[in-house]
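Asks: Got a sequence here, can you model it:
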Amino acid sequence: MVSCRLVPRIDLLTVGEAFEDLIFLGLERLPRVGEEVKTSAFVQTVGGGAVITGIAAARLGLPTGLVSALGEAGAARALPAAVENL
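Replies: From the prediction side, this is the model:
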């Protein structure tokens with residue numbers, strides 16, 4: 001007898017790169033080439049077209065999956081949990 005396991009239905013599968021985005025807040029202006037502009041506020045979040053598209057679709061109620069290769073750096077290890085929590 002062949003056993004089958006149930007696989008959740010996925011209506012949208014996004015495939016692509018996942019990144020850690022650093023968003024700097026409260027900058028007076030964008031820096032010029034080679035110049036530093038300092039701020040005391042920034043946000044770390046998940047980025048990449050496949051990730052953002054999948055998150056938006058899931059928030060709209062579409063059963064969604066994501067395929068992406070991740071490295072071994074600390075940020076890459078945190079990405080799966082970050083996507084689950086969005």
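
Asks: Please name the residues that touch residue 44.
Replies: Taking Cβ atoms under 8 Å, 6 or more residues apart in numbering, we find residue 44 in contact with 20, 21, 22, 23, 75. Yep, even glycine has a C-beta here, placed from its N, CA and C like the rest.

Asks: Secondary structure class of it, three-state.
Replies: Secondary structure state of residue 44, per DSSP: H, G, I helix; E, B strand; the rest coil, is strand.

Asks: Next: residue 55.
Replies: State at residue 55, reduced to three classes by three-state DSSP: helix.

Asks: rewinding a little: and the two most separated of the contacts of residue 44?
Replies: Greatest spacing in the contacts of residue 44, by Cβ to Cβ: 23 and 75 (14.2 Å).

Asks: If you count surrounding residues, which of these two has more?
Replies: Neighbour tally, residue 23 and residue 75, criterion other Cβ atoms under 10 Å: the higher count belongs to residue 75, 15 against 10.

Asks: Quick one, grab the pLDDT at the more buried one.
Replies: In the prediction, the pLDDT value recorded for residue 75 is 63.
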